[in-house]
Each structure stands twice: as C-alpha cells, then as structure tokens.
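Asker: here are the coordinates; sequence isn't available:
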C-alpha cells in the first residue's frame, strides 16, 4: 500500500510520541506522514461570520497551529527529510481519523483518550478505528521492552496471513523472536490452522525464531501478561468476514486497553505495511 501513514495530533505528550513512531514508520514505508488535528466544537455553536476554526475568538486556531508545528518538528527529528502534510477538520477526533484512514498505509494513535468526555476509556479510539477505519491500526502505549519479542495472537484463534507476516517482518527488523499465543489450539496444534502460515513465514524469515508457549487461561489474559516483556503485540482479526464496521473481539479490545507495549491490529482481508519500529 502506498498511502500515507496517518497520525492523530492533539498536542498531548501521548500524541507526540505517536507522531515520532509514525514518522519512523512512514520513513521505512517510503510514504508521507499525514498529521490530523480535529476541532470538537459543533458547527451550530459558531457565531455567524466567524471561521469554524476560531469559534468565539478563543484562540483555537493558534492552538491547532502550535500543535501541528510541534508535531512536524518531532516528525522531522525522528525522520529527517520525511514529507509531512497535515489537515485540520471539524469533528470528533475518532470520527476524523476514521474518515482520514481511507487509503492510509497505517493509522497511528497514542494511548491518551482524545476526548475529554467523562467515561472515555483508554484505547477506545483505537478500538473504534479497528472496527470502522480502513487501515491497520497501531496504538502507541506502555513501556516496550527493547529486548523483548514480538507477540503474535489472533481473535477467535484465526490467524490471517497479513498479521502473521507483519509480526515476522517486525521481528526480523528488530532482531528478535516471534512468540505465538493461541488459547484455542488443541494439543496437536491442528485446530487453529497456524501451522501452514508459520511454516511458510519461517522459510521467508529464516532469521526469526518462533516460540509457541502453552497458553493457560485463554489468549486474552496471555497476551496482556506477555505484553509486559514485549516490544510489540500484533493481533490478527477478521471480525465477521473481515469487513470494516465489525467491533473487534475480546482479544483485540483487551490488548488495546490493557497492554504494556504498543499494539498493532491488522484485519485479515487488508493489505499490511512493512516493518515498523
């Protein structure tokens, strides 16, 4: 996929960390970085004749400019020479990212809720994007262990080739192992259908060692526990047929909300980006 890497920008420390990660990923993919900033004010609240980015003259335009300027500076520090574009749109941030994700190679978000509404849970924006967005999603969160493996798991025991290949490419780029977690498999490993996929990728990535520890207590708990000592968690998902609009299942939601390292969620039916770090 040749679309940009998209990242949400709200001026928070979390979003700036996401920008740096997204910049490095865009640089590896050879695509531009797209910064997206959203205004949450309803259009009906804007006085007549006042630009939508300056409702009530309260400095909103200045805030957006400052957030984007700092984000672009961080992006160029992480990846000098990277082409960076930006957009400023009215709307709820998750909805803006959902729309802008069309054609993106990857959508990157931070772990801080971008809405100040009461009751918003950590990871809720990423959960929405995995259901309704049109690109793979990477949520930058936690404190990844630089010496840890890439953890690979799947919703409902279904491991799509895109997620598996993404995990192997990541592990190869990072010089680490892939740990495959699956609480659905039987003792002989035939039920999940992982065998053929993993065998093919072992041939393609001979430098990557695969470990398959026995999972006790279900995949969801195993993934969250393993994330404490991992560089990255990759979740393969397909929903109902792999189409956008299907809410992510329990493994994806648990990883996005509780993991201690970045989490990538990749739908089985979609193209996937090259390794990111």
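Answerer: On my side now, so go ahead. Keep in mind that what you see is a predicted model, and the values were worked out from it rather than measured. Numbering: from 1, shown residues only.
Asker: which ones are touching residue 161?
Answerer: 197, 268 (Cβ atoms under 8 Å, 6 or more residues apart in numbering). Every residue, glycine included, has its C-beta placed from N, CA and C.
Asker: how about the helices in the stretch 151-277 of the chain?
Answerer: Secondary structure of the stretch 151-277 of the chain by DSSP state H, counting those that start in this stretch: the helices cover 161-174, 194-204, 219-226, 250-258.
Asker: quick one: closest of these to residue 76.
Answerer: Closest approach to residue 76 among the helices of the stretch 151-277 of the chain (Cβ to Cβ): helix 161-174, 21.8 Å.
Asker: what residue ranges in the protein score low on pLDDT?
Answerer: Per-residue confidence for the chain (pLDDT under 70) gives these ranges: 1, 40-61, 112-123, 157, 183-193, 239-248, 269-277.
Asker: grab the longest helix from it for me.
Answerer: helix 60-78 (DSSP state H).
Asker: contact partners of it?
Answerer: With Cβ under 8 Å, 6+ apart as the contact definition, helix 60-78 has outside contacts at 7, 9-11, 15-16, 19-24, 27, 33, 35, 37, 39, 41, 51, 53-54, 82, 84, 86, 88.
Asker: grab the nearest non-local neighbour of residue 145.
Answerer: Sequence neighbours aside, residue 229 is the residue nearest to residue 145 in space, at 5.0 Å (criterion: Cβ to Cβ, 6 or more residues apart in numbering).
Asker: kindly report the same for residue 143.
Answerer: Nearest residue to residue 143 in three dimensions, chain neighbours excluded: residue 260, at 6.4 Å (Cβ to Cβ, 6+ apart).
Asker: wait, that neighbour touches residue 111, no?
Answerer: No: if you go by Cβ atoms under 8 Å, residue 260 and residue 111 don't touch, sitting 10.6 Å apart.
Asker: neighbour count winner among those two?
Answerer: Between residue 260 and residue 111, residue 111 has the larger neighbour count (other Cβ atoms under 10 Å), namely 22 against 19.
Asker: shared neighbours of residue 260 and residue 111, anything?
Answerer: Listed as contacting both residue 260 and residue 111 by Cβ under 8 Å, 6+ apart are 141, 142.
Asker: element containing residue 38, please.
Answerer: Element membership for residue 38, per DSSP states H and E: strand 33-39.
Asker: and the angle from that strand to helix 60-78?
Answerer: Counting by axes from the mean of the first three to the mean of the last three Cα atoms, to 10 degrees, strand 33-39 lies at 160 degrees to helix 60-78.
Asker: direction included, what does strand 33-39 pair up with?
Answerer: Applying DSSP bridges to the sheet, strand 33-39 is found paired with strand 5-8 (parallel), strand 84-90 (parallel).
Asker: winner for burial among these?
Answerer: Stretch with highest mean neighbour count among these: strand 5-8 (a mean of 29; mean count of other Cβ atoms under 10 Å).
Asker: could you point out the helix or strand that follows that one?
Answerer: Next helix or strand after strand 5-8 toward the C-terminus (DSSP H and E): helix 13-29.
Asker: pull out the buried positions in that following helix.
Answerer: Residues of helix 13-29 classed as buried by neighbour count (16 or more other Cβ atoms under 10 Å): 14-29.
Asker: likewise for stretch 97-104?
Answerer: Buried, per 16+ other Cβ under 10 Å, within stretch 97-104: 97, 98, 99, 100, 101, 104.
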